[in-house]
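>>> everything below, folded, please.
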Amino acid sequence: MRRPMEAIYERPGDYDLEHEGDDEDIEFYVGLVRQLRPRRVLELASGSGRVTVPLASSAELDAHIVGLEIADTMLDVARQKASKLEPAAARRLEFVQADLRTWRSPEPFDLIITPCSSLSHLLSLEDQLAAWRTAYDNLAPGGRFVADLTMPNLTVYAESMQTPPRTTLEIDVDTSDPETGTRLLRYKTTRYIPHEQRAEIRFLYDKYPDGGHVDRYVSDFESHVYYPRELRLLFLITGFEIEKSFGSYSMKRMRRTSRQMIVIGRKPSET
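Residues are numbered from 1 along each chain as shown. Below is the predicted model:
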């Protein structure tokens, strides 16, 4: 059964605002595409096009880019952004509405990317294996699949497992729209469920569109917590070779103080 969409994905404008100024992961993927020179690139769970659109916009990257997304609201915004691109960039970009666990492309890709911890939405082992196997099937021989996920925050998890449990309220986003001045504050609480390896994260948003009135809402996010060796095993059990595994960029802004872990798997070349 498909779970209800998190509230933030019904507000793509707020989603973009909470990521205002985030550029290190975009720079990473632009650099990766520049290095590998793939002919076709697929972004899984491409959202509002935050990464996909800049990839298509880079004139030096002559790859066909496909963004796969399941949420109507996010796709609408992504397509609006694509419509404002230069004609050459717009021709390189397309968006597809589908489920990353099951979608099969009529033509294989050379590179599949999953920025922004998108794979943490997959809560069950069955869904994770389905996503990895689908990625494998959608790659050309020698193609790469990049899993980009947030490292487990063991300090926060330990707090939530105290008796009685304690859930710290953090302010992890404080950003403003440079054009309208709209301010967005995001708070979060985290409860870790160890036997399910799952984090129940509650995001609380305060949006100040005119400096006074507050638009307040909650977005609940159930997140699978990946550990580095588990992540490598998912690649190996689905047929990939591990090409590279590392901890990524440390984000500049307060809300990105947690580090990312990245594993790049390679589909073996045909012999």
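>>> just name the shakiest helix or strand of this structure by mean pLDDT.
Within the chain, confidence by mean pLDDT, DSSP states H and E is lowest for helix 154-160 among all helices and strands, at a mean of 87.
>>> so which bits of the helix or strand just after that helix are buried?
Under the assignment DSSP states H and E, the closest C-terminal helix or strand after helix 154-160 is strand 170-176. When neighbours are counted by 16 or more other C-beta atoms under 10 Å, the buried residues of strand 170-176 are found to be 172, 173, 175. For every residue, glycine as well, the C-beta is placed using N, CA and C.
>>> and the second one, what's its pLDDT?
Turning to residue 173, the model gives it a pLDDT of 90.
>>> how about the residue lying closest to residue 49 once chain neighbours are set aside, what does it touch?
The shortest distance from residue 49 to any residue that is not its chain neighbour, by C-beta to C-beta, 6 or more residues apart in numbering, is 3.5 Å, and that residue is residue 78. Taking C-beta atoms under 8 Å, 6 or more residues apart in numbering, we find residue 78 in contact with 46, 47, 48, 49, 52, 53, 67, 69, 95.
>>> can you turn the buried part of these into a PyMOL selection?
In PyMOL syntax, the buried subset of the contacts of residue 78 is picked out as below (16+ other C-beta under 10 Å):
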select buried, resi 46+47+48+49+52+53+67+69+95
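>>> adding pLDDT, write the contacts of residue 78 out as TSV.
Written out in TSV, the entries for these read as follows (pLDDT from 0 to 100):
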residue	pLDDT
46	96
47	94
48	94
49	95
52	95
53	95
67	97
69	97
95	97
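>>> on that earlier part again, next, the buried residues of the helix or strand encompassing the residue nearest to residue 49.
If you go by DSSP H and E, residue 78 is part of helix 72-83. Judged by neighbour count (16+ other C-beta under 10 Å), helix 72-83 contains these buried residues: 73, 74, 75, 77, 78, 79, 81, 82.
>>> out of those residues, who's nearest residue 199?
Of all these, residue 199 sits closest to residue 74, with 22.2 Å by C-beta to C-beta.
>>> residue contacts, that closest one?
The contact partners of residue 74, taken as C-beta under 8 Å, 6+ apart, are 9, 12, 15, 46, 47, 48.
>>> check it and give its pLDDT.
Looking at residue 74, its pLDDT is 95.
>>> same thing with residue 204?
94.
>>> distance of it relative to residue 50?
22 Å (C-beta to C-beta, to the nearest Å).
>>> again with residue 244
Note on residue 244: its distance to residue 50, by C-beta to C-beta, is 23 Å.
>>> ok, the two, which is more surrounded?
A side-by-side neighbour count of residue 244 and residue 50, using other C-beta atoms under 10 Å, places residue 50 first with 24 against 11.
>>> just the element for the more buried one, please.
No secondary structure element spans residue 50, as it lies outside all helices and strands (assigned by DSSP H and E).
>>> that one contacts residue 16, correct?
Yes: Residue 50 sits in contact with residue 16 when judged by C-beta atoms under 8 Å, with a separation of 6.8 Å.
>>> list the contacts for the residue nearest to the spatial centre of the chain?
Taking C-alpha atoms, centre = their mean as the criterion, residue 116 is the residue nearest the geometric centre of the chain, at 2.8 Å. Shown here is residue 116, whose contacts under the criterion C-beta under 8 Å, 6+ apart are 25, 45, 47, 50, 51, 148.
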